[in-house]
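>>> let me see the structure of the following:
(2 chains)
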Amino acid sequence: MSKTNDRGGARIKQQIIPIVIVAVLFGLSFLTRTGSALRPSYYVVLFVSILNYIVLAVSWNIFSGPSGYISLSTAAFFGLGIYVSALLGEKLPVPLLMIVAGVISFAIAAIIGVITLRLRGVYFTIFTFGLVLLLQYFILWYEVKFNNLRGRTVMAVPYNTVFICLLILAGIVLIAAYYVKRSRFGMALTGIGECEDAAAHIGVNTTMVKVIAFAATSFAIGASGAAKATTMIYIDPPIAFNVMMSFMPVLMVIFGGAGSFLGPIIGAIVFTLLQEQLTTKWPKWYMIIFGVVMIISIVFLPKGLVGSFGEMVGKRKKLLLIAATAVFMVVGFIFTKLLAAAGTNIGGLVFPLLFGIIGFVIFANVLKRGKEAA
Amino acid sequence: MTTVLNIIITGLIMGGIYALISMGLSLQYGVAKILNVSHGEFIMIAAMLTWVFVNRGIHPLLALVLCCPLTFIIGFLLHITIFRWLNINSGTAAAYESNAMLLCFGLYFIFSNIAMQIWGSNPVGYQFLNRSVAFAGTVTAINKIVVLIIAVAVSILFYLFLTYSRLGKSIRAASQDPVAAGMLGMNIKMIMAICFGIGAMLAGIAGTLISMYSQVDTGMGMGYTMIALIVVVLGGMGSIPGSMIGGLILGFVGSIFGYIEPSLSMVAYYLIILVLLLVKPKGLMGR
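Residues are numbered from 1 along each chain as shown, chains lettered A, B, ... in the order given. Predicted structure coming up:
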């Protein structure tokens, strides 16, 4: 009896989360009313960045999270999307641009996947990273040699349109991520991550699964690039194929918790906010802080925020961890106010976020040690 | 004929440097299991330090001797601190391998940006043996010849060290089977830290040598990292002779493309890797 109830509960829960996603995204769409088409509000601009990174991080996590194949090719497909927008921006509306960019990314990712997904571990990572540089150098050479230009301008589109397009794309990606994780396909990916030979032995067509997952997530990445490009105005190969776009999703997912559903979303939000504020107020320190947070989260939070939170046994410890993080964030907030009073103005969220991360790292490790000792 | 000779000489010099860089990376991956993506940053640090030393009136060859222990210590300290913590915190060997690689990307951001804060991003250089010698119609600067001699000498010394010295034998044993080597009484953790240090030191030597014949800047690291990664994949991960051969091949390819279409050399390297990975995924000398 209770077993059937549980199954029923699980089934209801399975439907609730996608509905929540759609509701939240629908609610966000009202943000377009806060600004006009010509003067978008700050929140719309900010959410274009956040949604863009959510699409990248969640897509990366669908394939690389469970399978353990660390792909650094995000920037390659993102850049392809940008170039599709630059070339066809005047002829096609944004949704069609996204589909064209997605299809091209899908095709190229499928070809690359067939060739390279036989490679294991670090070979695959190096290869995908090289792909970004290859495309960057090749397109730069082609543009200079045959078209006699270095960069291109992209047809500008109102922010509100881009925002709605990205909102829909993010919705599709999130719901796909949620269902893939629970499907046979997702289990096959997890199996590949745990032991590829064993997965092949029990009848999983490992190459097929990997290529489909890699190509399908590249579709979303390319589409996201096409949408984001319309807000960039000017692009050239080093901007379009910026290697940071490969690392940001990886860091966001590892920081949030690889393989989990919420992790990449939290990571994307935290790091987009940090990036927005640091690049405007502390541009020189942005990359150094980025590197330090990356190292701290890899060394001390190997399972990410969500994973470390799940490791806490009992409600008391979980509450303690949340309370400690909140206290650290408040301290960071007070610190920002004190600095502002002293005359140094730093973005309002930098210190709360950094302090919160530090607090979480310290308490997560201390509480885990406590569990081991007991 | 002159062009061919020019290509050969340039290829030898580039190949010597590439071999030196890749041997360090190969050692770090083969023994310490760290794919050091911040390898190029050690090259950059040594090159910039050499420039600082030369500006203070120190001879470049003496700067080479000074940079060796410095880069070794940086690598050694990094390994006995963060990489050891990482090893404790990550569960399996495979998880450690991929986490260590991502950690090196973090190091890359930190090193390159701190260097840019200190030294700016303009290319810098100094004069060292700037005269040229003519040989069968080709003109080569003496500093490049000195660089080639040092690079070859260091490579051979390093190979002899690995083959005949007691520490070198321990390193090779640790790369073949760390557990068995540990059981035979070798301090595996220490050997791995020393290997990481030696890898950084080889990168440091290469950095000083590069600064002797060309201008250097704080953004040079990533390009050399990519070349080292390509060479190591080409020669086979963890194989020192493979790195030497791969470095020479890549040096010659780079030198040929330098005459045809310099901006396409990266594309050419990448296509070589593509073909090789399809034909022989473990590299030329891979086990």
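>>> what parts of the stretch 1-150 of chain A come near chain B?
Near chain B, the residues belonging to the stretch 1-150 of chain A are A:68, A:70, A:115-116, A:118-119, A:121-123, A:125-127, A:130, A:133-134, A:137-138, A:140-141, A:144 when assessed by C-beta under 8 Å from any C-beta of the partner chain. All C-beta atoms are positioned from the backbone trio N, CA, C, and that covers glycine.
>>> one more time with 7 Å
A:70, A:115, A:118-119, A:121-123, A:125-127, A:130, A:133-134, A:137-138, A:140-141 (C-beta under 7 Å from any C-beta of the partner chain).
>>> tell me which of those residues fall in helices.
A:115, A:122-123, A:125-127, A:130, A:133-134, A:137-138, A:140-141 (DSSP state H).
>>> measure the nearest residue to A:Gly193 once chain neighbours are set aside to A:Val122 for me?
Leaving aside its sequence neighbours, A:Gly193 sits nearest to A:Gly68 (C-beta to C-beta, 6 or more residues apart in numbering or on different chains; 4.0 Å). Distance check for A:Gly68 against A:Val122: by C-beta to C-beta, to the nearest Å, it reads 11 Å.
>>> hmm, which of the residues of the stretch 1-150 of chain A next to chain B are the buried ones?
The neighbour-count criterion (16 or more other C-beta atoms under 10 Å in any protein chain shown) marks A:70, A:119, A:121-123, A:125-127, A:130, A:133-134, A:137-138, A:140-141 among the residues of the stretch 1-150 of chain A next to chain B as buried.
>>> element containing A:Ala340, please.
helix A:315-342 (DSSP states H and E).
>>> what is the subsequent helix or strand relative to that helix?
Helices and strands here follow DSSP H and E; after helix A:315-342, the next one along the chain is helix A:350-373.
>>> would you mark the buried spots in the longest helix seen in chain B?
Ranked by residue count and defined by DSSP H, the top helix of chain B is helix B:2-30. Neighbour counts using 16+ other C-beta under 10 Å place B:6-7, B:9-30 of helix B:2-30 among the buried residues.
>>> one more: stretch A:164-174?
Buried residues in stretch A:164-174 (16+ other C-beta under 10 Å): A:164-167, A:169-171, A:173-174.
>>> out of those residues, which are inside helices?
Going by DSSP H, the helices hold A:164-167, A:169-171, A:173-174 from the buried residues of stretch A:164-174.
>>> which among those gets closest to chain B?
Comparing these against chain B with C-beta to the nearest C-beta places A:Val173 closest, at 22.9 Å.
>>> next one: the closest one from B:Val279, what distance?
37 Å.
>>> do the same with A:Ser64
In terms of C-beta to C-beta, A:Ser64 sits 26 Å off from B:Val279.
>>> compare these two and say which is more crowded by neighbours.
A:Ser64 (28 against 7; other C-beta atoms under 10 Å in any protein chain shown).
>>> state the pLDDT value of the more buried one.
pLDDT recorded at A:Ser64 is 88.
>>> that one contacts A:Ser71, correct?
Yes - A:Ser64 is within contact range of A:Ser71, at 5.2 Å (criterion: C-beta atoms under 7 Å).
>>> report the buried residues of stretch A:139-153.
Result for stretch A:139-153 [16+ other C-beta under 10 Å]: buried residues A:139-141, A:143, A:152.
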